[in-house]
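**Student:** Predicted coordinates and the sequence they were generated for:
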Amino acid sequence: QVQLVESGGGLVQAGESLRLSCAASGSFFRINTMAWYRQAVGKQRELVADITSGGSLNNADSVKGRFTISRDNAKNTAYLEMNSLKPEDTGVYYCNAEVKLTPFSTGWRDYWGQGTQVTVSS
């Protein structure tokens, strides 16, 4: 089993910053892409940013210049540095990872964390 545990959410005012962490644990061979998604009340879950094991980045247009995704492969941990937060950034932030369980596994499995709430007040 693979567990993803997010931390770092909270309540902040507009313009402030937060740093989210996502730590993967359990029994697995390798992690490919790690990503952050978010879901606001009444809206669909959307991709915020992702990062491959090689460090290639992808960010949603709505967060470019404000959010930075990074990862520490040795710790199996991904981070999301969020600056200049806006009320529209409010939502539950979920970590996602593509995982290969063994060296002989075919394909990658998707795993999700339980989510961490981010609330930005105006």
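**Tutor:** Yes, it's here.
**Student:** Just want the most central residue of this structure.
**Tutor:** Among the residues of the chain, the one closest to the centroid is W36, at 2.5 Å (Cα atoms, centre = their mean).
**Student:** what are the ranges of the strands in this protein?
**Tutor:** For the chain, the strands defined by DSSP state E cover 2-7, 10-13, 18-26, 30-39, 46-51, 57-59, 67-72, 77-82, 91-100, 109-112, 116-121.
**Student:** Pull the distance from the first one to the chain's centre.
**Tutor:** Just to be clear, that refers to strand 2-7. Between the mean C-alpha location of strand 2-7 and the chain-wide mean there is a distance of 10 Å, by Cα atoms, centre = their mean, to the nearest Å.
**Student:** Strand 77-82 and that one, what's the angle between them?
**Tutor:** Relative orientation of strand 2-7 versus strand 77-82 (axes from the mean of the first three to the mean of the last three Cα atoms, to 10 degrees): 30 degrees.
**Student:** Who does strand 2-7 pair with, and is each partner parallel or antiparallel?
**Tutor:** Sheet pairing of strand 2-7 (DSSP bridges) gives strand 18-26 (antiparallel).
**Student:** Counting neighbours, show which residues of the strand it pairs with come out buried.
**Tutor:** Of all the residues in strand 18-26, those buried under the rule 16 or more other Cβ atoms under 10 Å are 18, 20-24. C-beta here means a position set from N, CA and C on the backbone, and glycine is covered the same way.
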